[in-house]
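[1] Structure for the following, please:
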Amino acid sequence: MATVLQELNVEMAAVVEEVEHSLVQVNSYGGGTGAGTIWHPDGLVITNAHVVRRSPLTVSGIDGRILPARVLAYDEVNDLAALAIDASGLSPIKLGDSRRLKVGQLVVALGNPFGVRGAATAGVIIGVGPVWPETPGVAREWVVVNLHLRPGYSGGPLFDVNGRLVGINTMVTAPDIGMAVPIHVAKKFLNDSLRSQVVA
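    Residues are numbered from 1 along each chain as shown. Take a look at the predicted model:
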């Protein structure tokens, strides 16, 4: 049993390290920080709308550079935003299928809590769907996870054990309840907003 756990430990650490190459820190006016996920190698980053409310914006964490960012699209209802940075050859995250998530499935969230880059937290899927007691009156799709998110995880990736993106971390509703935007919702947002760009 110890050998199996040791192998799992090594494999999960390797997956987290791989996904970290697709994680950036989004810095807003006044010192606010959040996270972003590289979607396309030519500088397309997805994050939360609430992360980018204050301009100007910069993105850091790519080869030590701090790059100015501009908002390409913004969806306050689903709390999503698309950013463009002047960079190429980036490491986009692999995309998963949030419609196939199962309760109990292990997932990992990456972010920059309180400015600490690349912190990880793990847990399991509680459920997927539009109605949750933690979000009364908010009719939108969620991935609900039993893990501990802190300020700075917003906009970062929620991914499965294969390193595939299944959600965008968006908020905390209880000490160990996190909410994420399902990746199929993020895909639709990008495709509807940025029809002239490659987003899928």
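[2] From now on I want contacts and neighbour counts done on CA atoms only, so please keep to that.
    Noted.
[3] How is the chain partitioned into domains?
    17-92, 94-186 (automatic domain parsing).
[4] Where do the helices of the chain begin and end?
    Using DSSP state H, the helices of the chain run over 2-20, 183-193.
[5] worst average pLDDT in these?
    Of all those, mean pLDDT reaches its minimum on helix 2-20 (a mean of 87).
[6] partners of the closest residue to residue 46 other than its chain neighbours in the sheet?
    Setting aside the residues directly before and after it, residue 46 is nearest to residue 82 in space (C-alpha to C-alpha, 6 or more residues apart in numbering), at 4.6 Å. Counting by DSSP bridges, residue 82 forms beta bridges with residue 46, residue 73.
[7] Identify the residues contacting residue 82.
    44, 45, 46, 47, 71, 72, 73, 74, 190 (C-alpha atoms under 8 Å, 6 or more residues apart in numbering).
[8] so which of those residues comes closest to residue 121?
    residue 47 (18.0 Å; C-alpha to C-alpha).
[9] Would you mind measuring from that closest one to residue 127?
    22 Å (C-alpha to C-alpha, to the nearest Å).
[10] Give me the neighbour count for residue 176.
    Neighbours of residue 176 under the rule other C-alpha atoms under 10 Å: 13.
[11] these two touch, right, it and residue 149?
    Yes: with contact defined as C-alpha atoms under 8 Å, residue 176 reaches residue 149; the gap is 7.3 Å.
[12] the strands in the chain, which residues?
    Taking DSSP state E as the test, the strands found in the chain are 23-28, 33-40, 44-47, 57-62, 65-75, 80-85, 94-95, 106-111, 119-129, 142-146, 157-159, 164-174, 177-182.
[13] nearest to residue 13, of those?
    The nearest among those, by C-alpha to C-alpha, is strand 119-129 at 9.9 Å.
[14] Specify the angle between that closest one and strand 177-182 in degrees.
    Going by axes from the mean of the first three to the mean of the last three C-alpha atoms, to 10 degrees, strand 119-129 is angled at 70 degrees with respect to strand 177-182.
[15] ok so, going back, so which of the strands of the chain is the most surrounded?
    strand 157-159 (a mean of 31; mean count of other C-alpha atoms under 10 Å).
[16] Could you list the paired strands of it along with their orientation?
    By DSSP bridges, strand 157-159 pairs with strand 106-111 (antiparallel), strand 164-174 (antiparallel).
[17] what about residue 195, distance to residue 26?
    Relative to residue 26, and taking C-alpha to C-alpha, residue 195 is found at 24 Å.
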